[in-house]
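Enquirer: need a structure here:
(2 chains)
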Amino acid sequence: EAGVAQSPRYKIIEKRQSVAFWCNPISGHATLYWYQQILGQGPKLLIQFQNNGVVDDSQLPKDRFSAERLKGVDSTLKIQPAKLEDSAVYLCASSLYPSSYNSPLHFGNGTRLTVT
Amino acid sequence: KQEVTQIPAALSVPEGENLVLNCSFTDSAIYNLQWFRQDPGKGLTSLLLIQSSQREQTSGRLNASLDKSSGRSTLYIAASQPGDSATYLCAPATSGTYKYIFGTGTRLKVLA
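Expert: Numbering: from 1, shown residues only, chains lettered A, B, ... in the order given. The predicted structure follows:
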């Protein structure tokens, strides 16, 4: 099966600019997650979708971050305006729902964002 | 709020050693727990998934155990190889929401 696709792979922007990341989960996976991973730390959950509905966005900085998952398939994460502290790798993951007995979390390779 | 701790933060061992990585979590109301491997510049790859009703799960040289009541999981790697060098992360999934919370990982280096 094809894996989780993310683009772009790298992005460099200046602070106060905007940026968008795209994720296409594995076909049939209803649950989609966006994580932020700062260098040397574990991934931090930003938002979790179930089909096209939001399950959890408690740690999403809503004044600057937004995410959508139209039609319950692919998803975009946007930052506007970006800050220096947003420099991180943004990881997308997907899984079957409900989390099936042997259904692991599948990750894409991530987008590395550098804010200068 | 779930908090996940992994010990040690880094580990360097000679090839062939058996080793244990530890993961502890504060909220025992979990659906399952996964162990992941992350290579530099890459995403995470799921190694093992243990359901909350299970005690152990094995895949090749890897064995993961889960003690949900005490909030602990261990990943045992037998006969370590240089190719095992990576960062290993654990993530329990909260019951009901399937929200995965990650630890900071253990950075493993296996010396040839």
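
Enquirer: Distance check, residue B:19 against residue B:68.
Expert: With distances taken as CB to CB, to the nearest Å, residue B:19 is found 23 Å from residue B:68. C-beta here means a position set from N, CA and C on the backbone, and glycine is covered the same way.

Enquirer: out of the two, which sits in the more crowded spot?
Expert: Neighbours were counted for residue B:19 and for residue B:68 using other CB atoms under 10 Å in any protein chain shown; residue B:68 has more, 20 against 17.

Enquirer: quick one: the more buried one and residue B:49, what's the gap?
Expert: Applying CB to CB to residue B:68 and residue B:49 gives a distance of 14 Å.

Enquirer: And for residue B:32?
Expert: 6 Å.

Enquirer: Which one of these two is surrounded by more residues?
Expert: The neighbour comparison of residue B:32 against residue B:49 (other CB under 10 Å) goes to residue B:32, with 26 against 23.

Enquirer: Mean confidence (pLDDT) on the helix or strand where the more buried one lies, please.
Expert: Element membership of residue B:32 [criterion: DSSP states H and E] is strand B:30-38. Averaging pLDDT along strand B:30-38 gives 94.

Enquirer: In the next helix or strand after that strand, which residues have enough neighbours to count as buried?
Expert: Next in sequence after strand B:30-38, counting helices and strands by DSSP H and E, comes strand B:44-51. Buried residues in strand B:44-51, counting neighbours by 16 or more other CB atoms under 10 Å in any protein chain shown, are found at B:44, B:46-51.

Enquirer: Where does the spatially closest residue to residue B:23 that is not a sequence neighbour fall, secondary structure wise?
Expert: With sequence-adjacent residues excluded and distances taken as CB to CB, 6 or more residues apart in numbering or on different chains, residue B:23 is closest to residue B:90, at 3.6 Å. Residue B:90 is part of strand B:86-94 when elements are defined by DSSP H and E.

Enquirer: Let me know the angle separating the helix or strand following that strand from strand B:86-94.
Expert: Using DSSP H and E, the helix or strand that directly follows strand B:86-94 along the chain is strand B:106-111. Interaxial angle of strand B:106-111 relative to strand B:86-94 (axes from the mean of the first three to the mean of the last three CA atoms, to 10 degrees): 150 degrees.
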